[in-house]
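In: Please find the sequence and the predicted model below.
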Amino acid sequence: MKKTKVLLLAMLLSLSLACGLTNGPAVKSTPTVRSKPPVESKPDIESTPDVGSTPTEIPISIPTSTETPIPIPTSTETPIPTPTSTETPTPIPTSIPSSPVGIRAGLASLNTYSLVIASNITGPTQADFSHTRFEIQKSNDPNAISMHYVVNQSSAGDSQPSQSDSYTYTIGDAQCSGSDVDGWEYTTTTPQQTEMQALFTQMIDIVPIIDAPTFVASETMNAIMTNHFSFRISGLGLQSGAEVTTNQGDYWLAQDGQYIVKYSLVTETSDTTTQATLHMDLLIELTDINQPVNIAFPVGCVP
């Protein structure tokens, strides 16, 4: 940044012209002068006075200065303002992690939780649909887990929809599965079997589809501080030629742990020829995170 200083030098010129001209006393001339001395030419005297007469004193005008005083110069130059920077500071880029850990890995990091995974698929006709809902509750104290699995689906050729509604409770090495309608089955597993089952589940994990996410905001979701991201599925409709009418995905990642607190995806396409519509929505949501969860065998399940 350059700074410009304008120096103004004022010179005061004061001119006083004063001429203090005065006359001496008059001197009488001698009458017996034989010849008249030559008369000097004087300004403002029209003729020479007679000899013997008292010369008349001619007032001499003292010239006064008619010169106009030189004014003190003043600067008319506009001061140059000190330049200020109008540049917008370049923001420091920040990296907000957008990749979640797998569903299983995220759940393993929590003491307690309630999880819902639900999907709904409809089309191409109104008779074609599949509704699935999977609910899990987990508590590490004691080591207990409950699962509720509901399926309701139908196809255009089916006479009626098929339905399934079942529960599984596991507390320690004991397990109870079934429903109040179909009855309950109580079983136990050995520590060796439990170990092998756990090993198998650790080999499989699920990461839902995420495509070029965009950060939305930091938000509280289900009492957890999260980072909200949105995305769209790229290439949807290119293979089938169908028109994409809905394509929206959102998910919320826990700031501490990068596990999915909530995930939502809604897509819909329409056949431009037959007007057949296919709709799909998927929801994954965690609640009761590290909050007390009560898990117990149902009343009808006994050893």
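Out: Yes, it's here. Numbering: from 1, shown residues only.
In: Flag every buried residue along stretch 238-254.
Out: Buried residues in stretch 238-254, defined by neighbour count with 16 or more other Cβ atoms under 10 Å: 242, 244, 247, 249, 251-254. In short, each C-beta sits where N, CA and C put it, glycine included.
In: Ok, stretch 117-130 next?
Out: Buried, per 16+ other Cβ under 10 Å, within stretch 117-130: 117, 120, 122-124, 128-130.
In: out of the residues you listed, who's nearest residue 280?
Out: The nearest member of these to residue 280, counting by Cβ to Cβ, is residue 120 at 7.1 Å.
In: Give me the phi and psi for the closest one.
Out: phi -140, psi 120 (degrees, to the nearest 10).
In: Is it in contact with residue 281, as I believe?
Out: Yes - counting by Cβ atoms under 8 Å, residue 120 does reach residue 281; the two are 5.2 Å apart.
In: that older thread, what is the most widely separated pair among the buried residues of stretch 117-130?
Out: Spanning the widest gap among these are 117 and 124, at 24.5 Å by Cβ to Cβ.
In: returning to what we had before: could you dump the buried residues of stretch 117-130 into CSV with distance to residue 301 added?
Out: Output for those, formatted as CSV (distance: Cβ to Cβ, whole Å):
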residue, distance to residue 301
117, 24
120, 30
122, 35
123, 39
124, 42
128, 36
129, 32
130, 29
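In: C-terminal to the longest helix belonging to the chain, what's the next element?
Out: Secondary structure assigned by DSSP state H gives helix 191-202 as the longest helix of the chain. Using DSSP states H and E, the next helix or strand after helix 191-202 towards the C-terminus is strand 214-221.
In: Just the residues contacting the next helix or strand after that following strand, thanks.
Out: Next in sequence after strand 214-221, counting helices and strands by DSSP H and E, comes strand 224-231. Applying Cβ atoms under 8 Å, 6 or more residues apart in numbering, the contact partners of strand 224-231 are 96-98, 210-221, 248-256, 261-262, 286, 289.
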